[in-house]
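Asker: Okay, sequence plus prediction incoming.
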Amino acid sequence: MPNDKRRTPASLRSARWFAPDDLRSFGHRSRLMQLGYSEEDFRDRPLIGVLNTWSELNSCHAHFRERAQDVKRGVAQAGGFAVELPALSVDESFTKPTSMLYRNMLAMETEEMIRSHPLDGVVLMGGCDKTTPGLVMGALSAGVPMIFLPAGPMLRGNYAGKTLGSGSDAWKFWDERRAGKISDDEWTGIQGGIARSAGVCMTMGTASTMTAITEALGLSLPGASSIPAVDSDHQRMSAACGRRIVEMVWDHLTPEKVVTAAAVRNAAIVAMATGCSTNAVVHLIVMARRAGVPLTLDDLDALGRATPLIANVRPAGKDYLMEDFYYAGGLRALMAQLSGRLDLSTLTVTGKSLGETLEGARVWNDDVIRPLSNPVYSEGSLAVLRGNLCPDGAIIKPAACDPRFHVHEGPALVFDSYPEMKAAVEDENLDVTPDHVLVLRNAGPLGGPGFPEWGMLPIPKALIRKGHRDMLRISDARMSGTSYGACVLHVAPEAYIGGPLALLRTGDFVRLDLPNRRLDMLVADDELARRRADWSPPAPHFERGWGWMFSRHVTQADKGCDFDFLERDFGASAGEPDIF
């Protein structure tokens with residue numbers, strides 16, 4: 001990016017902390033020297049924050065201690081001064097009731113950490129599901145130059161000579177175990193073989209979806225999101241992030257110049273073409289809005305209708321995993337296939353246009369990354385439904401469910417809590433047929449609490465034993481990006497606040513009409529009015545602390561579940577901190 005107004009050392013943000021000849025700056029310089037640095041290390045150099053979401057409980061980021069050193073090496077090579085700062089890890093596996101409860105906490109921490117410290121630019125190290133949107137949301141609001149370093153997918157799973165995919169095969173084999181077809185030894189072998197290295201899920205789950213979206217927005221180095229976590233290319237990419245962020249600081253290349261309406265549209269198209277996680281909706285909407293782009297569910301549905309799915313990667317694809325996607329050319333190759341549908345003039349963190357970064361990209365396996373003429377699925381990954389059951393919208397992943405459920409009508413079997421539902425589906429004598437519609441409510445942003453990934457409701461054991469593996473399921477919850485099946489999710493407004501889902505009763509007929517994007521309960525309006533009059537709100541989950549704050553300020557699924565007071569139009573962001 002040509003720039004005749006490169007910053008000077010005196011104009012660096014960090015100069016406010018270190019340059020003045022006064023007592024306060026003396027104290028700042030003295031404390032860095034206390035850490036063993038000399039003035040030559042930091043004087044007149046861009047100070048780069050390396051925001052690291054490493055944790056001993058986050059296996060997706062197990063390699064981030066080493067990668068942080070690679071980033072710092074790159075920063076030093078480019079003449080900058082790097083400092084590593086720990087950020088909330090928000091791991092997907094162990095954080096309960098759901099990591100989504102803490103995405104906004106990471107966003108707030110990121111924004112305030114950047115604003116309150118002498119950082120001229122930041123490298124954001126994330127990848128496990130909520131870390132990507134959380135870090136990006138905060139950095140967008142903070143506004144300093146930023147580059148996102150994706151964790152990368154783990155290696156393919158393997159057991160007994162068979163390739164295993166994160167999450168997707170866990171669900172599949174769990175159903176087989178419930179059917180009595182998998183022994184204890186086999187189950188233990190699958191358990192040890194499904195996750196064999198550091199890195200995020202190697203299916204096109206939420207983690208790889210969100211890092212692909214972030215690259216498509218222009219916030220990562222070209223091809224970065226596809227590199228497996230333990231590939232040596234990942235080390236080189238990490239060092240390159242360190243070198244590049246220093247130049248971005250001198251060029252004052254801030255995220256507002258990168259994340260434009262055109263870049264958001266590009267990211268949505270790429271997401272649809274990859275077979276993205278349903279969670280892409282709630283995260284991309286909020287990331288776009290933090291950048292001042294008013295993305296809506298209807299925008300995403302329109303792009304979904306027009307964008308073919310061309311990444312043959314599970315769970316929406318049929319045969320391959322992220323490691324195969326990388327060897328086939330990765331995201332650059334996929335975006336090159338889509339180049340006629342993308343705005344190639346958008347700016348990226350490289351300082352070059354998206355089109356320039358795609359030059360030379362090639363597909364090496366056209367069964368993994370399909371041409372537009374031979375898609376995995378003719379439309380995109382997601383569809384948005386509306387109707388009297390979800391007036392503000394609901395989400396389904398058509399390519400990942402049995403086509404016979406695209407138009408379906410059946411009686412509802414309604415559960416008010418996960419334990420109630422779990423007990424019922426494990427009952428081999430449950431009165432249920434494949435035509436029933438399983439419904440779980442009170443699992444949304446407020447009801448869950450925190451919008452947990454409970455939406456891939458287990459198939460009742462009574463049906464599993466008869467060979468059934470899919471049925472229509474509806475909830476106001478989310479589901480893992482590695483999940484699949486005829487699952488309608490994100491029903492808004494949620495039942496916990498009195499959305500129409502709260503009025504549905506067991507035995508009511510529900511109709512899904514996917515081609516016409518409709519989801520309705522076949523109940524008369526006057527009957528719904530009577531039920532509405534009888535409904536009363538449930539007791540609150542929290543009376544203090546973070547949960548109390550979350551409950552009072554989180555928005556609904558269709559708005560991205562940001563906090564109302566963090567949205568861009570709530571008010572002006574705080575300026576630079578006073579230094580006295």
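Answerer: Received, thanks. Numbers count the residues shown, from 1 in each chain.
Asker: what helices or strands is the helix or strand encompassing residue 141 leaning on?
Answerer: Counting by DSSP states H and E, the element that carries residue 141 is helix 131-142. Based on contacts counted as 3 or more CB pairs under 8 Å, 6 or more residues apart in numbering; DSSP states H and E, the elements that helix 131-142 packs against are helix 103-116, strand 121-126, strand 146-150, helix 206-217, helix 279-290. In short, each C-beta sits where N, CA and C put it, glycine included.
Asker: Turn these into CSV, columns for mean pLDDT, mean neighbour count and distance to residue 502.
Answerer: Written out in CSV, the entries for the helices and strands packed on helix 131-142 read as follows (pLDDT from 0 to 100; neighbours: other CB atoms under 10 Å; distance: least, CB to CB, whole Å):
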stretch, mean pLDDT, mean neighbour count, distance to residue 502
helix 103-116, 98, 21, 25
strand 121-126, 98, 28, 35
strand 146-150, 98, 30, 39
helix 206-217, 98, 30, 27
helix 279-290, 98, 26, 20
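Asker: could I get these as a markdown table with distance to residue 549?
Answerer: Rendered in a markdown table, the data for these read as follows (distance: least, CB to CB, whole Å):
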| stretch | distance to residue 549 |
| --- | --- |
| helix 103-116 | 9 |
| strand 121-126 | 23 |
| strand 146-150 | 26 |
| helix 206-217 | 24 |
| helix 279-290 | 17 |
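Asker: Residue 435: which of those is closest?
Answerer: Set against residue 435 and scored by CB to CB, these come closest in helix 279-290, at 28.0 Å.
Asker: and the closest one, what other elements does it pack with?
Answerer: When contacts are defined as 3+ CB pairs under 8 Å, 6+ apart, helix 279-290 packs onto helix 131-142, helix 206-217, helix 261-274, helix 297-306.
Asker: out of those helices, deepest packed?
Answerer: Compared across the helices and strands packed on helix 279-290, helix 206-217 shows the largest average neighbour count, a mean of 30 (mean count of other CB atoms under 10 Å).
Asker: In the chain, what helix or strand scores lowest on average pLDDT?
Answerer: Across the helices and strands of the chain, the lowest-confidence element by mean pLDDT, DSSP states H and E is helix 168-178, at a mean of 87.
Asker: Next, give phi and psi for residue 48.
Answerer: When read as degrees, to the nearest 10, the backbone of residue 48 gives phi -110, psi 120.
Asker: which residues does it contact?
Answerer: 75, 80-83, 119-123, 242, 245-246, 249 (CB atoms under 8 Å, 6 or more residues apart in numbering).
Asker: Report the residue spans of the chain with pLDDT below the cut-off.
Answerer: 1-4 (pLDDT under 70).
Asker: Which of the residues in the lengthiest strand in it are classified as buried?
Answerer: Longest strand in the chain, counting residues (DSSP state E): strand 407-415. By neighbour count on 16 or more other CB atoms under 10 Å, the buried set for strand 407-415 is 408, 410, 411, 412, 413, 414, 415.
Asker: what's across from the second one in the sheet?
Answerer: Pointing back at residue 410 there. Beta-bridge partners of residue 410, counted by DSSP bridges, are residue 510.
Asker: Spatially nearest residue to the most centrally placed residue in the chain, not counting backbone neighbours?
Answerer: Of all residues in the chain, the one closest to the mean position by CA atoms, centre = their mean is residue 210, 4.2 Å from it. In this structure, residue 210 finds its nearest non-sequential neighbour in residue 132, 4.0 Å apart by CB to CB, 6 or more residues apart in numbering.
Asker: quick one on the thing from earlier: export the contacts of residue 48 as TSV, with columns for distance to residue 335 and secondary structure.
Answerer: Conversion of these to TSV gives the following (distance: CB to CB, whole Å; DSSP: H, G, I helix; E, B strand; the rest coil):
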residue	distance to residue 335	secondary structure
75	28	helix
80	29	coil
81	34	strand
82	30	strand
83	33	strand
119	30	coil
120	30	coil
121	25	strand
122	25	strand
123	23	strand
242	24	helix
245	22	helix
246	26	helix
249	27	helix
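Asker: just those now: which is nearest residue 295?
Answerer: Proximity of the contacts of residue 48 to residue 295 was ranked by CB to CB; the top entry is residue 122 with 23.9 Å.
Asker: give the contact list for residue 102.
Answerer: For residue 102, the contact set (CB under 8 Å, 6+ apart) comprises 88, 90, 95, 130, 134, 450, 546.
Asker: From residue 233, how far off is the nearest residue to residue 330 once chain neighbours are set aside?
Answerer: Nearest non-adjacent residue to residue 330, counting by CB to CB, 6+ apart: residue 226, 3.2 Å away. Using CB to CB, to the nearest Å, residue 226 is found at 9 Å from residue 233.
Asker: Which one of those two is surrounded by more residues?
Answerer: When neighbours are counted by other CB atoms under 10 Å, residue 226 and residue 233 differ, and residue 226 comes out ahead with 27 against 14.
Asker: show me the contacts for that one.
Answerer: If a contact means CB under 8 Å, 6+ apart, then residue 226 has 152, 153, 212, 322, 325, 326, 330, 331, 332 as its contacts.
Asker: Closest one to residue 542 out of those residues, please.
Answerer: Closest to residue 542, out of all of these and judged by CB to CB, is residue 212, at 34.1 Å.
Asker: pretty sure the closest one is touching residue 225, no?
Answerer: Yes. Under the contact definition of CB atoms under 8 Å, residue 212 touches residue 225, with a separation of 5.0 Å.
Asker: anything in contact with each of those two?
Answerer: Counting by CB under 8 Å, 6+ apart, the contacts common to residue 212 and residue 225 are residue 331.
Asker: returning to what we had before: tell me what the longest strand of the chain is packed against?
Answerer: In terms of contacts (3+ CB pairs under 8 Å, 6+ apart), strand 407-415 is packed against helix 418-425, strand 437-440, strand 509-513.
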